[in-house]
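# okay, structure incoming, though there's no sequence with it:
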């Protein structure tokens, strides 16, 4: 996955937008006219609605982490180019954006496949497959646990749903995977960050990826880590620790 050269840019070789149908390609667009139905038997005026879709529409977000001998939680993030974000450059936006997003740091993630089993077993299986493919980390399927319930990525424009999983693993074994074999994934790099530093980078814009911020905050909650205080729940004074409650589901292995 990691190419021996530096990535310096992405260029458009051909723009096939004008000659392509919206129901063809990796992403498809349904151009609909819909109306609301109400309990009194009436309905709203028809209005247009576009729905962006891709095959399957569901994806797994897999957070790989390790608690070191020093007690610190570290996570692995994958750096890779994201063409739609990079191509923002030079465009006019209402809110000016001077940054050039050549690459983004993100948690491991991938699409659910039609052959995957349903339920947690299938999500854990997909998370393990993506961990190996994107990070080169061999994580047993049974080590993955849910990080709360699923969320929609961008419900105003598409139907993609994200399922969050996490697993503790030895991050020194994550040396980069082979990717999915596509040219889009031929360049990439792995980074191991302290959990608090990674959450801070999401908040200050160094890691401008929403699923990554959500995943890291959920991991902190599940492990009983309080990033603002840089401590674990069990390190709080007893009266404060009694007031603490987990927002998600705490696994038995959590500190």
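The structure has been received and is ready for your questions. Since we're looking at a predicted model, the values are computed, not measured.
# can you give me the strands for the chain?
For the chain, the strands defined by DSSP state E cover 27-34, 47-54, 58-67, 73-80, 104-106, 108-111, 145-146, 151-152, 161-168, 189-194, 225-226, 231-232.
# any idea of the angle the third one forms with strand 161-168?
Interaxial angle of strand 58-67 relative to strand 161-168 (axes from the mean of the first three to the mean of the last three Cα atoms, to 10 degrees): 20 degrees.
# quick one: buried residues of stretch 132-139?
For stretch 132-139, burial by neighbour count (16 or more other Cβ atoms under 10 Å) applies to 132, 133, 134, 135, 136, 137, 139. The C-beta positions use only the backbone N, C-alpha and C, and glycine is treated the same way.
# for stretch 26-45, same thing?
Using 16+ other Cβ under 10 Å as the test for burial, stretch 26-45 gives residue 29.
# same question, stretch 117-135
Residues of stretch 117-135 classed as buried: 122-135 (neighbour count, 16+ other Cβ under 10 Å).
# shaky segments in the stretch 151-255 of the chain?
177-181, 249-255 (pLDDT under 70).
# mind doing that once more with 90?
172-188, 244-255 (pLDDT under 90).
# ranges for the helices of the stretch 1-150 of the chain?
83-86, 119-130 (DSSP state H, counting those that start in this stretch).
# those helices into JSON lines, with extra columns for mean pLDDT and distance to residue 11?
Output for these, formatted as JSON lines (pLDDT from 0 to 100; distance: least, Cβ to Cβ, whole Å):
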{"stretch": "helix 83-86", "mean pLDDT": "93", "distance to residue 11": "10"}
{"stretch": "helix 119-130", "mean pLDDT": "96", "distance to residue 11": "28"}
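# could these be laid out in TSV, adding distance to residue 42?
As requested, the helices of the stretch 1-150 of the chain are exported to TSV (distance: least, Cβ to Cβ, whole Å):
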stretch	distance to residue 42
helix 83-86	40
helix 119-130	40
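# residue 71 is nearest to which of the ones you listed?
Residue 71 lies closest to helix 119-130 among those, at 25.3 Å (Cβ to Cβ).
# quick one: the closest one to chain centroid distance?
Here the centre of mass of C-alpha atoms in helix 119-130, compared against the chain's by Cα atoms, centre = their mean, to the nearest Å, lies 15 Å away.
# relative to strand 73-80, how tilted is it?
For helix 119-130 against strand 73-80, the angle by the same axes, to 10 degrees is 60 degrees.
# so what touches helix 119-130?
Helix 119-130 is contacted from outside by 60, 62, 108-110, 112-113, 116-117, 139-142, 144, 146, 163, 165, 167, using Cβ atoms under 8 Å, 6 or more residues apart in numbering.
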